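>>> sharing a model that was predicted from the sequence below.
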Amino acid sequence: MDRGIPASSWHAGDDDVTRLRRLTVKGFKSFRELDLELGQINVLIGANGAGKSNLVSLFGMLNALMTRTFQEWVVRSGGANALVHYGTKKTAGIEISLQLQCGADTVTYQADLGATAPD
């Protein structure tokens, strides 16, 4: 089965491999604040309601931001009120920071998202 990722890119320690090192999130779904340092291999384990699915959903949102389909993704996800921690009356928006290791360099991407009317 072809998964679209060449096995040669899986080698740990390659200097030319870009990998996510740290993910910081504020105000997304069940995450009031999340600061997650990631290793070479990461496994999500936790009780029901711990936020595993919300973490996976966050990567879906990041994909929608990158592919310029964010507005459609927000609508499919139930609107801004469903995405913001305790709703838009409690939380003004979502803050995301991604720290990537690119060879010897570290690159940080940030996004600050706020609800607009109508969402």
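Perfect, I can see it now.
>>> Lys26 is in what secondary structure piece?
strand 18-28 (DSSP states H and E).
>>> who's in contact with that strand?
Contact with strand 18-28 is made by 31-38, 40, 54, 58, 61, 83-85, 91-103, 106, as judged by Cβ atoms under 8 Å, 6 or more residues apart in numbering. Bear in mind the C-beta positions are built from the backbone N, C-alpha and C, glycine included.
>>> would you mind checking those residues for buried ones?
Buried members of the contacts of strand 18-28, counted by 16 or more other Cβ atoms under 10 Å: 31, 34, 54, 58, 61, 83-85, 91, 93-96, 98-99, 101.
>>> wait, which of those is closest to Trp73?
Met61 (6.3 Å; Cβ to Cβ).
>>> give me the three-state assignment for the residue lying closest to the closest one once chain neighbours are set aside.
Excluding its sequence neighbours, the residue lying closest to Met61 (Cβ to Cβ, 6 or more residues apart in numbering) is Trp73, at 6.3 Å. Following DSSP: H, G, I helix; E, B strand; the rest coil, the label given to Trp73 is helix.
>>> and the contacts of the following helix or strand past the strand holding Lys26?
Using DSSP H and E, the helix or strand that directly follows strand 18-28 along the chain is strand 31-37. The contact list for strand 31-37, computed with Cβ under 8 Å, 6+ apart, reads 21-26, 28, 51, 54-55, 58, 85, 91.
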